[in-house]
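> compute the structure for the input listed below.
(one chain, ligands or ions: 1)
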Amino acid sequence: MITAVVVGSGPNGLAAALTLAAAGVSVRVLESADELGGGTRSAELTLPGLVHDRCSGFHPLALDSAFAAAVDLRTAGVVWRWPEVQFTHPLDGGRGAALWRSVAQTAAELGRDGPAWRRLFGPLSQRFGAIAEEFLQPVLHLPRHPVALARFGAAAALPAAVLARVWRDAEARGGGGRHEADGVCIGDAGLAAPGSGQAGLLVAEICLGGLGRVSLRAGAAASGWPTWLDVASDQPVLACLGSQYAGWSLAASKEETGGRKFFSLGSGPARALAAKETLYEELAYRDSADSGVLVLEVDREPPRVIIDKLLRDCGLQGPQLTLVVTPTTSLAGTTQVVARVLEVALHKAHELGFPLKDVVSGAASAPLPAPSPDGVQAMGRTNDAILYGGQVQLVVRGDDAAARELARRLPSRNAKEFGQSFAELFVAAGCDFYKIDPALFAPAEVWVSNLDSGSTWHAGAVDMALLHKLWLQQA
Ligand SMILES: Cc1cc2nc3c(=O)[nH]c(=O)nc-3n(C[C@H](O)[C@H](O)[C@H](O)COP(=O)(O)OP(=O)(O)OC[C@H]3O[C@@H](n4cnc5c(N)ncnc54)[C@H](O)[C@@H]3O)c2cc1C
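The predicted structure is shown next:
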């Protein structure tokens, strides 16, 4: 006697029917179309022998699913067919890209983007089973392979969604780049290339390790300043402190460079490969990956001695390392620094001793100034934007007293220097950041919401009048 009826013979219907049948249930499958298969049907639609997918054509998760492993489809006569080329992507001008089953073959045909393709998809394809296992579970579950998944999250979200956009139309976005003889990629966002605001947004997302979103918003009506930058992350500690924070001190003497001495604070996901900073012990985090990206806020390319150090410390070969160089005097540089408004809040929260494990998510905004052609002024404006125009909401867990104390102590108004042009403060401090009250390095206005109690505390306030005075001339 039939005890179950499955309506539809698509992959889900057939899988349900097989599962029921395997459990001893008598099943009938109803299909209204002439053929079985639903979205997986294929047919010779144009030329004899040329099989087209009517619907879905690419099933990367099917073979690695728990269902496929549990059911002996082969004995039942199901044969997986593998096309020689998985798919192609036609481009303008008669060009195109083809995805072969081999990562190496695909990379070989991608020209100068080939090494990057290999860096990204080589490790992912080797661990595909573990990643697929996580994907094919209910959304809310504890990952059995958290490292592989986190790597997939960071690496996939980063180069695929962010770097690929940079490559595809780098020139259109005002970016550029070149390769060192050993394959190290030097991405240019504002050095020889113009470095647009769009390039700055991408650099900011690279800095966040692909774990945060950065966008622009019109704000003239509410604030009198036309363009605001928004940044948000649901993994703010890892995104901001583990990746975006400019904490890796890179210095080379005149003797080492054979010319001018070099100094930069490296930021971005490759920091977690080297884990040179004590912060990583506190975060109990270190990455291991076959590729790395580091962002340098400087007005010239790093000398070879620094590149060699980075390769050594990150354990990478030349083609596995990408360095993005972006001076603050460019639109890209200014944009990516202002995008640190959330990171500045996280850093101060950490300095104040707030437990980082209790920070759940964060969102922040700041007005985007025009970059100044003068380096000190450009740097000053990015700081003004955050210290006097920055607004942040941190969502935390824990007790209310700690959340309230964080809101009270976080805003930049707690510093005695609040209200002065940062460039002037910097010059008065002998160009030494460490002589400026650390309490100043924070957004101006703060909301702290405690998920455990539902309470939100607010403190501080932006000073748009000050920013207008510092940044605006009446036309
Ligand atoms: C254009 C397109 C491209 C896609 N590409 C991909 C891809 O490359 N890779 C991928 O993984 N997924 C892809 N998908 C998604 C994939 O096709 C679906 O997720 C999958 O087919 C869903 O399976 P299903 O069994 O739930 O439904 P379907 O495959 O849609 O099957 C439903 C079946 O039910 C039948 N039916 C409907 N109503 C009745 C009724 N009242 N009585 C009897 N029978 C009925 C239909 O005729 C059909 O055979 C694509 C989808 C589309 C539309």
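> what residue spans form the domains of the protein?
Following automatic domain parsing, the chain resolves into domains at 1-81, 340-475.
> pick out the shakiest of the ones you listed, pLDDT-wise.
Note on the domains of the chain: domain 1-81 shows the lowest mean pLDDT, a mean of 85.
> chain center to it: distance?
Its chain's C-alpha centre and that of domain 1-81 lie 37 Å apart, by CA atoms, centre = their mean, to the nearest Å.
> now do the helix or strand harbouring Ala97, average pLDDT.
Counting by DSSP states H and E, the element that carries Ala97 is strand 96-100. Strand 96-100 comes out with an average pLDDT of 80.
> returning to what we had before: ranking the domains of the chain by burial, who's on top?
domain 340-475 (a mean of 19; mean count of other CB atoms under 10 Å). Heads up, the C-betas are built off the backbone N, CA and C, glycines and all.
> hang on, the earlier thing: which of the domains of the chain sits closest to the ligand?
domain 1-81 (2.1 Å; CB to the nearest ligand atom).
> could I get the pLDDT score of the most centrally placed residue in the chain?
In the chain, the centroid-proximal residue (CA atoms, centre = their mean) is Gly210; its distance is 1.0 Å. At Gly210, the pLDDT value in this model is 88.
> mind checking how far it is from the ligand?
Gly210 is 23 Å from the ligand, where distance means CB to the nearest ligand atom, to the nearest Å.
> again with Ser196
Taking CB to the nearest ligand atom, one finds Ser196 at 34 Å from the ligand.
> for the biggest helix by length in the chain, list the C-alpha coordinates in CSV.
In the chain, with assignment by DSSP state H, the single longest helix is helix 375-389. Presented in CSV, the C-alpha positions along helix 375-389 are these (Å, rounded to 0.1, in the frame of the first residue of the first chain):
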residue,chain,number,x,y,z
GLY,A,375,50.5,64.5,3.6
VAL,A,376,50.1,65.8,7.1
GLN,A,377,46.9,67.7,6.3
ALA,A,378,45.5,64.5,4.6
MET,A,379,46.3,62.4,7.6
GLY,A,380,44.9,65.1,9.9
ARG,A,381,41.6,65.2,8.0
THR,A,382,41.1,61.4,8.2
ASN,A,383,41.6,61.6,11.9
ASP,A,384,39.3,64.7,12.2
ALA,A,385,36.6,62.7,10.4
ILE,A,386,36.7,59.9,13.0
LEU,A,387,37.4,61.8,16.2
TYR,A,388,34.9,64.6,15.6
GLY,A,389,32.5,63.1,13.1
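> same for that helix, what does it pack against?
helix 331-338, helix 341-351, strand 359-367, helix 422-428, helix 464-471 (3 or more CB pairs under 8 Å, 6 or more residues apart in numbering; DSSP states H and E).
> rebuild those as a markdown table, extending it with distance to the ligand.
Compiled in a markdown table, the helices and strands packed on helix 375-389 are given as follows (distance: least, CB to the nearest ligand atom, whole Å):
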| stretch | distance to the ligand |
| --- | --- |
| helix 331-338 | 36 |
| helix 341-351 | 35 |
| strand 359-367 | 31 |
| helix 422-428 | 52 |
| helix 464-471 | 49 |
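> could the ones you listed be laid out in a markdown table, adding distance to Cys240?
Shown next, in a markdown table, are the helices and strands packed on helix 375-389 (distance: least, CB to CB, whole Å):
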| stretch | distance to Cys240 |
| --- | --- |
| helix 331-338 | 13 |
| helix 341-351 | 4 |
| strand 359-367 | 7 |
| helix 422-428 | 20 |
| helix 464-471 | 23 |
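> anything in the strand holding Ala97 near the ligand?
No - residues of strand 96-100 are not located near the ligand by CB under 6 Å from any ligand atom, the shortest gap being 12.4 Å.
> now the element after that strand, going C-ward?
Counting by DSSP H and E, what follows strand 96-100 is helix 103-108.
> could I have the next helix or strand after that following helix exported to PDB, CA atoms only?
Elements were assigned by DSSP H and E; along the chain past helix 103-108, the next helix or strand is helix 114-126. In PDB, the C-alpha atoms belonging to helix 114-126 read as follows (Å, rounded to 0.1, in the frame of the first residue of the first chain):
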ATOM      1  CA  GLY A 114      46.500  33.000 -12.900                       C
ATOM      2  CA  PRO A 115      48.600  32.900  -9.700                       C
ATOM      3  CA  ALA A 116      45.900  34.700  -7.800                       C
ATOM      4  CA  TRP A 117      43.300  32.100  -9.000                       C
ATOM      5  CA  ARG A 118      45.600  29.300  -7.900                       C
ATOM      6  CA  ARG A 119      46.200  31.000  -4.500                       C
ATOM      7  CA  LEU A 120      42.500  31.300  -3.800                       C
ATOM      8  CA  PHE A 121      41.000  28.100  -5.300                       C
ATOM      9  CA  GLY A 122      43.900  25.700  -4.800                       C
ATOM     10  CA  PRO A 123      43.500  25.400  -1.000                       C
ATOM     11  CA  LEU A 124      39.800  25.700  -1.100                       C
ATOM     12  CA  SER A 125      39.500  22.900  -3.700                       C
ATOM     13  CA  GLN A 126      41.700  20.700  -1.500                       C
END
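> thought Val7 was touching Val27?
No - contact criterion CB atoms under 8 Å: Val7 and Val27 do not qualify, at 11.4 Å.
> near the ligand, which residues of the protein? Just list them.
Residues of the chain lying near the ligand (CB under 6 Å from any ligand atom): 7-13, 30-33, 38-39, 55-59.
> can you flag which of those residues belong to strands?
7, 30 (DSSP state E).
> gap between Ala204 and the ligand?
Ala204 is 32 Å from the ligand, by CB to the nearest ligand atom.
> okay, that residue: pLDDT?
95.
> burial count for it?
27 (other CB atoms under 10 Å).
> I'd guessed it sits against Gln336; true?
Yes - contact criterion CB under 8 Å: Ala204 and Gln336 qualify, at 4.4 Å.
> that's a strand at the residue nearest to the centre of the chain, yeah?
No - assigned with DSSP: H, G, I helix; E, B strand; the rest coil, Gly210 falls outside any strand and is coil.
> phi and psi next, for it.
Main-chain torsions, Gly210, degrees, to the nearest 10: phi 70, psi 10.
> and the gap between it and Leu120?
From Gly210 over to Leu120 the distance is 11 Å, taken as CB to CB, to the nearest Å.
> appreciated, that's everything.
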